[in-house]
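Visitor: Fold the following for me, if possible:
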Amino acid sequence: MVNKAVVLPIACLSGICAAMLIFIWWFFPKWYKKGVAQDQAEMDQVIALRRDILAARVRAAARANNADASSGDTGAGDAEAAQRDLEAQDAKLAAVTQHVYRPQPVAVF
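Guide: Numbers count the residues shown, from 1 in each chain. A predicted model of the protein is given here:
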């Protein structure tokens, strides 16, 4: 027969193991999905900022081309505004391109 002194500790440990298993099945998928969504949102922000910078460069180049084609004081003002836009976007671009995707390290026990 089974020693009755062993049944209670084994039952307690089995219950703890079952509770831990249920917690792991619930916790890790939840936080994995949250992390993936957070990474995706961050990458979407970077991509949107890069698109804005590219669009500003295109607008600035178009202004510069229009300023070269036009004559008078308004052309010079447009060229200066285009140059300022390019310089401002270059400053933003340096900050954006320094962003490198680095996921958090995974702890291995």
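Visitor: contacts, neighbours, all on C-alpha from now
Guide: Noted.
Visitor: Can you spell out which helices and strands pack onto the strand or helix carrying residue 14?
Guide: Element membership of residue 14, judged by DSSP states H and E, is helix 4-69. Under the contact criterion of 3 or more CA pairs under 8 Å, 6 or more residues apart in numbering; DSSP states H and E, helix 4-69 touches helix 73-97.
Visitor: pLDDT of the helix it packs on, averaged?
Guide: Mean pLDDT, helix 73-97: 63.
Visitor: Over to stretch 39-49?
Guide: Mean predicted lDDT for stretch 39-49 stands at 87.
Visitor: Export only the CA atoms of that stretch, formatted as CSV.
Guide: Extracted in CSV, the C-alpha atoms of stretch 39-49 (Å, rounded to 0.1, in the frame of the first residue of the first chain):
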residue,chain,number,x,y,z
ASP,A,39,7.4,46.6,-31.6
GLN,A,40,5.1,47.0,-34.6
ALA,A,41,3.8,50.3,-33.3
GLU,A,42,7.3,51.6,-32.8
MET,A,43,8.4,50.5,-36.3
ASP,A,44,5.3,52.1,-37.8
GLN,A,45,6.2,55.4,-36.2
VAL,A,46,9.7,55.2,-37.6
ILE,A,47,8.4,54.4,-41.0
ALA,A,48,5.9,57.2,-40.9
LEU,A,49,8.6,59.7,-39.9
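Visitor: Could you shift the numbering so residue one becomes 391, and keep it that way?
Guide: Fine by me, first position is 391 from now on; the one you just mentioned is stretch 429-439.
Visitor: Buried ones in that stretch, by neighbour count?
Guide: By neighbour count on 16 or more other CA atoms under 10 Å, the buried set for stretch 429-439 is empty.
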